[in-house]
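*Asks:* below is the sequence, then the predicted model.
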Amino acid sequence: MVEQQNVSEKLWTKDYFLTFSYAMSTQIANNMLMTGLPLYAIYLGGDNSISGMLFGFFMFVAILFRPYFGRLSDEKSRRIVLIIGAMVTAFITLSYVVAFSISLLLIMRSLHGIGFSATTNAAGTVISDIVPKKRLGEGIGYYGLSNTLATAIGPALTIYLIQQFNYQVLFIVSGTIGLISIICSLLINYEKRNPKPVAKAPKTKRKISELLFEKTAVPTGLVTAFVYVGMGASLTFIPTFALSLGINDIGLYFTVYSFALLFTRIIGGKLSDKYGTSIVVIPGLIIMAISFVVLANATSLGGFIVTGILYGLGLGFVEPALNATMIKLCPPDRRGAGNSTFFTAKDLGSGVGAICLGFISLKSGFSAVFLYSALCVVLAIFSYIFILRRQMIKVKRAEESTLQASVS
């Protein structure tokens with residue numbers, strides 16, 4: 001059993017930087033594959049439904065392993081999970097070079113979900129441990145820049161490698177980038193073991209629901225799941241949609257999206273810490289919904305660029321605020337389970353969205369895909385207002401009552 005120490009108000013510590021680098025390297029590799037594998041599936045003779053299944057199977061396997069990694073992270077060590085995730089991710093990514101059939105590609109993509117489950121769950125939990133409580137929104141916002149930079153680099157690099165070389169080079173490069181995360185995971189060592197022997201508490205058998213979910217994180221997860229339907233749609237179908245319109249420079253979409261995301265992540269976390277979550281989440285969700293309506297009607301690169309700017313601005317406000325809210329509502333000794341619940345919600349939203357929207361694209365076209373994505377963001381707004389915000393108010397009142405009782 002380990003203890004996690006958070007003793008200063010300093011944000012950019014050695015372990016914070018290493019965790020940031022770990023997350024960025026794994027996410028660059030993941031984003032390269034998110035963009036490249038749907039195109040590779042079509043190259044092998046598949047269609048949009050196969051593209052959706054690649055994403056969906058990947059996410060569903062990640063969901064299956066999240067309870068295990070959440071428990072291992074809480075009861076044993078965050079570092080062990082970091083190392084497992086980095087090694088699995090790097091190995092599977094390099095192994096795509098021998099995936100010459102749709103069936104093998106689906107199998108390997110499913111196994112890849114194990115690594116994704118471990119890396120995202122453990123890295124997010126480490127960040128929640130080492131970020132000073134008073135700077136939680138800011139710290140998570142900056143940490144999210146790892147994914148922002150990965151989104152700016154990964155898809156654009158993928159398109160370049162495919163156009164200039166071939167898919168095997170793509171897999172080798174993404175796998176090599178993933179190896180960086182192994183080095184980072186070996187150097188992260190902030191957990192401190194208690195030198196004194198402690199009497200072991202009798203083991204209690206946890207309910208399945210306790211392994212799968214942290215109940216305080218479920219409302220946040222519901223909002224997040226609706227938000228991430230659109231994320232699954234964006235990563236999976238935008239490159240194919242652009243090619244269907246004869247647009248070859250779609251890498252620009254991901255570039256402008258990333259810069260917009262970078263801007264709001266930097267200021268959004270601070271605004272959330274200072275003025276509250278609602279001041280950034282509700283406007284952010286509205287902007288995201290508008291972005292999908294614009295995308296559904298896009299016919300040129302300009303439409304995609306406008307969409308990228310709007311979507312990046314919205315998501316940059318929403319995601320770090322929701323993540324910080326989950327951590328604030330979650331007991332410290334259940335952060336692993338809380339992160340598992342939060343990321344499971346992301347996986348469910350993006351995975352189910354990719355599969356369902358893949359079939360919708362075959363029947364109704366890409367415009368319908370993005371209009372359904374906009375509808376899901378609207379559902380996220382209602383879920384936030386009527387479910388999550390009420391939970392936040394209830395917890396705040398309980399804390400105020402406890403404080404008043406202690407003073408009196």
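*Replies:* Arrived safely, thanks for sending. Residues are numbered from 1 along each chain as shown.
*Asks:* burial of the closest residue to V81 other than its chain neighbours, as a residue count?
*Replies:* In this structure, V81 finds its nearest non-sequential neighbour in A122, 3.7 Å apart by Cβ to Cβ, 6 or more residues apart in numbering. C-beta here means a position set from N, CA and C on the backbone, and glycine is covered the same way. Neighbours of A122 under the rule other Cβ atoms under 10 Å: 32.
*Asks:* I305 too?
*Replies:* For I305, the tally of surrounding residues (other Cβ under 10 Å) stands at 17.
*Asks:* so M87 makes contact with I182?
*Replies:* Yes. If you go by Cβ atoms under 8 Å, M87 and I182 touch, sitting 6.0 Å apart.
*Asks:* quick one: mean pLDDT for the helix or strand that contains A337?
*Replies:* Element membership for A337, per DSSP states H and E: helix 335-364. When pLDDT is averaged over helix 335-364, the result is 84.
*Asks:* helix or strand right after that helix?
*Replies:* Using DSSP H and E, the helix or strand that follows helix 335-364 towards the C-terminus is helix 366-383.
*Asks:* so how far is the very next helix or strand once past that following helix from its chain's centroid?
*Replies:* Beyond helix 366-383 on the C-terminal side, the first helix or strand identified by DSSP H and E is helix 389-407. Helix 389-407 sits 30 Å away from the centroid of its parent chain (Cα atoms, centre = their mean, to the nearest Å).
*Asks:* ok, residues contacting stretch 53-64?
*Replies:* Residues outside stretch 53-64 that contact it (Cβ atoms under 8 Å, 6 or more residues apart in numbering) are 34, 37-38, 41, 105-106, 109-114, 116-117, 120, 232, 235-236, 343-344, 347-348, 350-352, 354-355, 358.
*Asks:* now which of these would you call buried?
*Replies:* Among those, those buried by neighbour count (16 or more other Cβ atoms under 10 Å) are 34, 37-38, 41, 105-106, 109-114, 116-117, 120, 232, 235-236, 343-344, 347-348, 350-352, 354-355, 358.
*Asks:* so T119 sits against T26, correct?
*Replies:* Yes. Under the criterion of Cβ under 8 Å, T119 makes contact with T26 at 4.7 Å.
*Asks:* any shared contact partners between the two?
*Replies:* 85-86, 89, 181.
*Asks:* redo these as TSV? Include distance to S300.
*Replies:* Formatted as TSV, the shared contacts of T119 and T26 follow (distance: Cβ to Cβ, whole Å):
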residue	distance to S300
G85	40
A86	40
T89	36
S181	38
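*Asks:* got those residues as CSV, with secondary structure and neighbour count columns?
*Replies:* Below are these laid out as CSV (DSSP: H, G, I helix; E, B strand; the rest coil; neighbours: other Cβ atoms under 10 Å):
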residue, secondary structure, neighbour count
G85, helix, 27
A86, helix, 27
T89, helix, 28
S181, helix, 29
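*Asks:* out of those residues, which is nearest to L295?
*Replies:* For the shared contacts of T119 and T26, the residue nearest L295 by Cβ to Cβ is T89; the value is 29.6 Å.
*Asks:* so who does that closest one touch?
*Replies:* By Cβ under 8 Å, 6+ apart, the neighbours of T89 are 26, 29-30, 112, 115-116, 119, 178, 181.
*Asks:* name the nearest residue to it, sequence neighbours excluded.
*Replies:* The spatially closest residue to T89, leaving aside those adjacent along the chain, is G115, at 3.5 Å (Cβ to Cβ, 6+ apart).
*Asks:* and that neighbour, how far is that from M24?
*Replies:* G115 sits at a distance of 16 Å from M24 (criterion: Cβ to Cβ, to the nearest Å).
*Asks:* also I360?
*Replies:* 33 Å.
*Asks:* isn't N48 up against G358?
*Replies:* Yes. N48 lies in contact with G358 (Cβ under 8 Å); the separation is 5.1 Å.
*Asks:* and for these two, which residues touch both?
*Replies:* Shared contacts of N48 and G358, defined by Cβ under 8 Å, 6+ apart, are found at F237.
*Asks:* look at S103 and say how many residues are nearby.
*Replies:* Neighbours around S103, by other Cβ under 10 Å: 9.
*Asks:* one more: E138?
*Replies:* 24.
*Asks:* gap between the helix holding A337 and the chain center?
*Replies:* Between the centre of helix 335-364 and the centre of its host chain there is 11 Å, according to Cα atoms, centre = their mean.
*Asks:* list the buried residues in stretch 92-103.
*Replies:* Neighbour-count burial for stretch 92-103, counted by 16+ other Cβ under 10 Å, picks out 92-94, 96, 99, 102.
*Asks:* list the ones among these that fall in helices.
*Replies:* Those of those mapping onto helices are 92-94, 102, per DSSP state H.
*Asks:* identify the farthest-apart pair in these.
*Replies:* Farthest pair in these, by Cβ to Cβ: L94 and I102, 19.7 Å.
*Asks:* so which residues make contact with stretch 160-174?
*Replies:* With Cβ under 8 Å, 6+ apart as the criterion, stretch 160-174 contacts 28-29, 32-33, 36, 39-40, 43, 93-94, 96-97, 154, 157-158, 251.
*Asks:* pull out the buried residues from these.
*Replies:* By neighbour count, with 16+ other Cβ under 10 Å, those hold 28-29, 32-33, 36, 39-40, 93-94, 96, 154, 157-158, 251 as buried.
*Asks:* can you name the two of those that sit furthest apart?
*Replies:* L94 and G251, at 23.5 Å, using Cβ to Cβ across the buried ones among the contacts of stretch 160-174.
*Asks:* dump the residue contacts of the closest residue to G36 other than its chain neighbours.
*Replies:* In space, and not counting its chain neighbours, G36 is closest to T158: 4.4 Å by Cβ to Cβ, 6+ apart. Shown in contact with T158 (Cβ under 8 Å, 6+ apart): 31-33, 35-36, 170, 174.
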